[in-house]
Structure formats: C-alpha cells, structure tokens
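>>> Everything below, folded, please.
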Amino acid sequence: MKLILLCAFGAAALAFAAAPSDEAKVDTGRLKGTVSGGVAAFKGIPFAAPPVGANRWLAPQAVNPWSGVRPATDYGADCMQKPFPGDAAPLGVTPAEDCLYLNVWTPAGNKGKLPVMVWIYGGGFVNGGSSPSVYDGAHFAKNGIVFVSFNYRVGRFGFFAHPALTKENPSGPLGNYAYMDQIAALQWVRRNVHAFGGDARKITLFGESAGGVSVLTLLTSPAAHGLFQRAIVESGGGREILGPTRRVHESSPGLPSAEEIGIAFAKKNGIDGEDQTALAALRAVPAEKVVDGLNMMTMHNPTYGGPMLDGKICVEPVEQALKAGHFEKMPLIIGANSNDFGFSMAKTVDELFAQFGMNAATARGVYDPDQSSNLMALGMMVGADKAFIEPARFVVRTMRAAGQPAYEYRFSYVAESMRPQWHGAPHATEIPFVFDTVAARYADKLTPADQAAAEATHAYWVSFVKTGDPKSAGRPQWPVYEAAQDMLLNFTAKGPVAERDPWNRRLDLVEGLAEEHK
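Modelled structure (predicted):
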C-alpha cells in the first residue's frame, strides 16, 4: 500500500511539474491564462456565482464547477457603476452586475510557496474595479510575489438594507455585501493560491482609499480572522471623521438606519411593502436604475447609505475597535499623501480654525504661518489631516503599541510633468509608483526621475511583503515607528527620506480635535 501511494504521489508530482506555465487547477476547474515577460497571468476567474437575479443582495454564493479548461485571458466585468470621469484609475472594461471575478499574476513556472499580495481598489465604495492598467500585478510577480486582485460590489449593489431582506435572512449577515465579497475573495485565495505557487500563510492585504478603509475594516472584523497576515493601508483613514456609522435597523437623530434608506430607494422605484413580493420587485429593478447616477460626484445621496454596522462583519466602528484592542495583530504599513484629499464646510478662515477651540490661534499659526488666508488651500490641508494623515499616525501608533512592527510613510513625490499643476502628491497618485506602473499612467511624459521613484517605492513594498520589514538595499532604512521619535519615510523628489514627521504640530492639534469630539 505504501509503495502504491508513493508511486501515485510521484506520478502526480511529475504531472504537476510538467503542467504548462499558463495552466492551473483551482477547486472549481482548470484554467488557461497567458505568459509574457516571465509572468503567467490568469484573469477573469470567478470566485463567487454571479450576484444577479435571486443572488442580488445575497452573500456571495458558490461557483458551479466547469468541465474542460476555462480561458482566463481577459478581465471579467468590473462591478456595476457609473464610471467617474476624473478617475485616476479609469476602468479597462465595461461594468456589469455579473462581476465577481479575480485575477492572479505569478512568476511563470513557479512551483514554490511564494508570498502573496491581495489588492483592494478604492473609489469611495461607489466606483472602482480591478481592470485599470495601473493595477496590473506583473511587476510584483517579476519580483517573486503571487499577486491577486478582485472585484467587489459597489454602490447600492454593495451596501443595501431593507426589511424584506432582513426577513429573508434574519440571522444575517446583512447589508455589507461589498465586505462579504472581499472576505469571499480572501477565502478563495486561501483555498487556491497554492495552485499558482503561493503560500496561503503569507498573505499581505493592501488597499487604497476605500480599499484602505476595507483593510482596516477586515483587520477589526471577526469574520475575517486568519485570512491575512500583513497589511498595508494607503490613505485609508482610521477615524470616524464623518460621525457615527449607521446601523442596519436602528436610526438615531440625523442618521437614518440603512433599512430606512433602502425603503426610500424602494419607494422611489414604486415598490412598497416589506414582504417577498417587494423583495422580488427590488431584485427585478434594472441594474442601471439601481445605479441611478451614483458615483464619486453624487455619492451624498438620500437613497444610498454606504457601509453599516451589521453585527456580523462590522461589529463596531474601526476607531472604537482599535482603541479597544479588537483587531488582528500583524506587521503594518500605513500612510497618506502630502496633498491628500480633504474638505471643509467652513465659509471663512476664522470659521475653519474656530473648530480648534482654545487652540484656534495656534492652529492658524501652524497651518498658515505666512498669513495667506487662502480658505480653499487651508481647508484642504485641515481636511486631509483629519481624514487621512492624522488617522494614519493614530493607526500606526495603535499597532505599534500592540507590539507589532509598524511603519508610517508620507508620499510626497510628484511626477515631473505634473509639478506645474500639483503642489504636493494628490490622493491616489502613489498607486502607479507602488505598482511600478508609471509608464501606464504617464506614458510619453514619464521621466527617468519618475521611473526611479517608482522603482524605489515598489522595492519597499516588495520587501515588506516578503519579510515584514520594508528595507531596500542601497536606500534609506525605513524605521519602525516609535511614538517618541515619530519617524516616518517620506517619498520626496530627492528620494526616500527617513525623518521625524515635519507636520507633527499640525497632527497633534488634529489629534486633540478628534479625541475631544468622542
């Protein structure tokens, strides 16, 4: 019997070794991808059944196995949405409701157990997809990493509650279908990444903007326990700057429940009631009408509510969970950009700084030492500090205090062609440098300095994924964050610089503001 088993094992091993680099077998069937430049790419792999018809507003359902070899050469559709014209990462394919697909890049012929990266795109939870050219994972694969990207439902497809849905599935989970998709994709990776030479015990989850918010959410979610071992958060916040997170059922003054928002959307489409007839009618609303013009420009909409506390995936707000120690302890990189996104409702400079109370004069001196009184510029600075820059420091301090290696960055590099227009690195502009896809972003305007900045940024990310330590030979050492030193790595026009945070006075003021409002 032992001899038979050994022979069978040996035959299987030989068959595996002889398999072409562009083929792989996952738990639902065989795939055939493409090989180019030493990288095997597999695109458009279903990780859940199409979330259409009766599957709309359900947790991801199992994929039906296929026979034969499934082509995996093209991206699947990005999830249904109204594309945002000014998107820094425009979609490469047409959106559709049938969209739960993922993509894998791996070194061609890889049979080892390489570390894995899993990417979550941004887009305010209403836009985004895995198909943009700047999200191509080939450069990570060339550096010995198995790279995975996937789609998750956005807008009303990704976040929706209604009493009829609660009655259909009273034990949940409810509402946060986007997060359910993300968890399902990570579960698929854990089950199948070995087929591409990846090690399911060495997964780094990373994302930007809404993707960064998602990483923090999954770090604090009991439903995602054990699905990844390292995390990178790019401009992903960490504070509850927009006020309390809404709940599925319970409303509060000025904050309707997610179900109330769902009822309003149903009524807008002529659907009343809370029974299965109403639910069937909701699921029959054409996808275009579910989108109803929602995107980054129109997301503040009375019939769209976004992420919610559901009691299963999102048990408590991220900031509260972090303060309570309710999060996965792991190595972390987090940071934001030097001209990151921010907003202010203040109508005057005096009003902008009045929010700092007794520190108003100090804040004005720190933010506007030249007394420019430029309301728009100052409002963006304060807004970005509140939304992304100070929260990054809060998160890195929290993870470090939990005994984990944690690293903070500030991305200040601006592509040379954009320096006349940008006085700092805007939101999301670090992405092509992280992916080393700057050629796709800047094309013929790309300069040697831009390419060098991309190679440096990419190298630090690669090192962190492989070792948990973002070090890069011949470049400055990225120090582990310590609150007393407040050191970060700043990606500047002169190269990466390890320095004490030059904005620490600003951030101390914003930290005080954040804690005061709790």
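
>>> Am I right that residue 406 is in contact with residue 334?
Yes: the pair residue 406 / residue 334 is scored as a contact, 7.4 Å apart, by C-beta atoms under 8 Å. C-beta: built from backbone N, CA, C; applies to glycine.

>>> if I look at those two, which residues touch both of them?
A shared contact of residue 406 and residue 334, defined by C-beta atoms under 8 Å, 6 or more residues apart in numbering, is any residue touching both; here these are 396, 399.

>>> who has more neighbours, those two?
More neighbours surround residue 334 than the other of residue 406 and residue 334, with 30 against 22 (other C-beta atoms under 10 Å).

>>> Show me the beta-bridge partners of that one.
Beta bridges link residue 334 to residue 233, residue 408 when assigned by DSSP bridges.

>>> hang on, it packs against residue 230?
No: counting by C-beta under 8 Å, residue 334 stays clear of residue 230, with 11.8 Å between them.

>>> Low-confidence stretches in this protein?
Applying pLDDT under 70 to the predicted model, the residue ranges of the chain that meet it are 1-19, 242, 517-518.

>>> would you put the C-alpha positions of the lengthiest helix in it in CSV?
With residue count as the measure and DSSP state H as the assignment, the chain has helix 448-467 as its longest helix. Output for helix 448-467, consisting of C-alpha atoms alone and laid out as CSV, is shown next (Å, rounded to 0.1, in the frame of the first residue of the first chain):
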residue,chain,number,x,y,z
PRO,A,448,13.9,58.9,-15.6
ALA,A,449,13.3,60.5,-12.2
ASP,A,450,9.7,59.3,-12.2
GLN,A,451,10.8,55.8,-13.0
ALA,A,452,13.5,55.8,-10.3
ALA,A,453,10.8,57.0,-7.8
ALA,A,454,8.6,54.1,-8.8
GLU,A,455,11.4,51.5,-8.5
ALA,A,456,12.2,52.7,-5.0
THR,A,457,8.6,52.8,-3.8
HIS,A,458,7.9,49.4,-5.3
ALA,A,459,11.0,47.9,-3.8
TYR,A,460,10.0,48.9,-0.2
TRP,A,461,6.5,47.3,-0.7
VAL,A,462,8.0,44.1,-2.1
SER,A,463,10.4,43.8,0.8
PHE,A,464,7.6,44.2,3.3
VAL,A,465,5.5,41.5,1.6
LYS,A,466,8.5,39.1,1.6
THR,A,467,9.9,39.8,5.1
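
>>> Packing partners of that helix?
For helix 448-467, the contact count by 3 or more C-beta pairs under 8 Å, 6 or more residues apart in numbering; DSSP states H and E identifies strand 114-120, helix 138-142, strand 198-208, strand 230-234, helix 431-435, helix 438-442, strand 487-492, strand 495-500 as packing neighbours.

>>> Would you indicate which residues of the longest one are buried?
The neighbour-count check on strand 198-208 (16 or more other C-beta atoms under 10 Å) flags 198, 200, 202, 203, 204, 205, 206, 207, 208 as buried.

>>> Give me the residues contacting the longest helix of the chain.
Outside helix 448-467, the residues that touch it by C-beta under 8 Å, 6+ apart are 115, 117, 139-140, 143-145, 204, 206, 230, 232, 331, 333, 407, 411, 413, 415-417, 430, 432-439, 442, 469-472, 475, 478, 489, 491, 493, 495-496.

>>> buried set for that helix?
450, 453-454, 456-466.

>>> With distance to residue 401 added, can I get these in a markdown table?
As requested, these are arranged in a markdown table below (distance: C-beta to C-beta, whole Å):
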| residue | distance to residue 401 |
| --- | --- |
| 450 | 37 |
| 453 | 32 |
| 454 | 33 |
| 456 | 29 |
| 457 | 27 |
| 458 | 29 |
| 459 | 28 |
| 460 | 23 |
| 461 | 24 |
| 462 | 27 |
| 463 | 24 |
| 464 | 20 |
| 465 | 24 |
| 466 | 25 |
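
>>> which among those gets closest to residue 68?
For the buried residues of helix 448-467, the minimum distance to residue 68 (C-beta to C-beta) is 34.2 Å, reached by residue 465.

>>> and the gap between that closest one and residue 360?
Using C-beta to C-beta, to the nearest Å, residue 465 is found at 44 Å from residue 360.

>>> Can you tell me which of the buried residues of strand 198-208 is closest to residue 385?
Ranked by distance to residue 385 (C-beta to C-beta), the buried residues of strand 198-208 are led by residue 208 at 18.1 Å.

>>> give the contact list for the residue lying closest to the closest one once chain neighbours are set aside.
Spatial nearest neighbour of residue 208, excluding adjacent residues (C-beta to C-beta, 6 or more residues apart in numbering): residue 234 at 4.0 Å. Residue 234 makes contacts with 206, 207, 208, 209, 211, 212, 334, 335, 336, 430, 431, 434, as judged by C-beta under 8 Å, 6+ apart.

>>> was I right about the first one contacting residue 215?
To tie it back to what came earlier, the one meant is residue 206. Yes: taking C-beta under 8 Å as the contact criterion, residue 206 and residue 215 are neighbours in contact, 6.5 Å apart.

>>> Residue 40 belongs to a helix?
No: secondary structure assignment places residue 40 outside any helix; it is strand (DSSP: H, G, I helix; E, B strand; the rest coil).

>>> Report the contact partners of it.
Taking C-beta under 8 Å, 6+ apart as the criterion, residue 40 is in contact with 21, 22, 33, 34, 105, 106, 107, 108, 109, 110, 141, 196.

>>> Can you give me the neighbour number for the residue lying closest to residue 127 once chain neighbours are set aside?
Of all residues not flanking residue 127 in the chain, residue 84 sits nearest, at 4.7 Å (C-beta to C-beta, 6+ apart). Residues near residue 84, counting by other C-beta under 10 Å, number 20.
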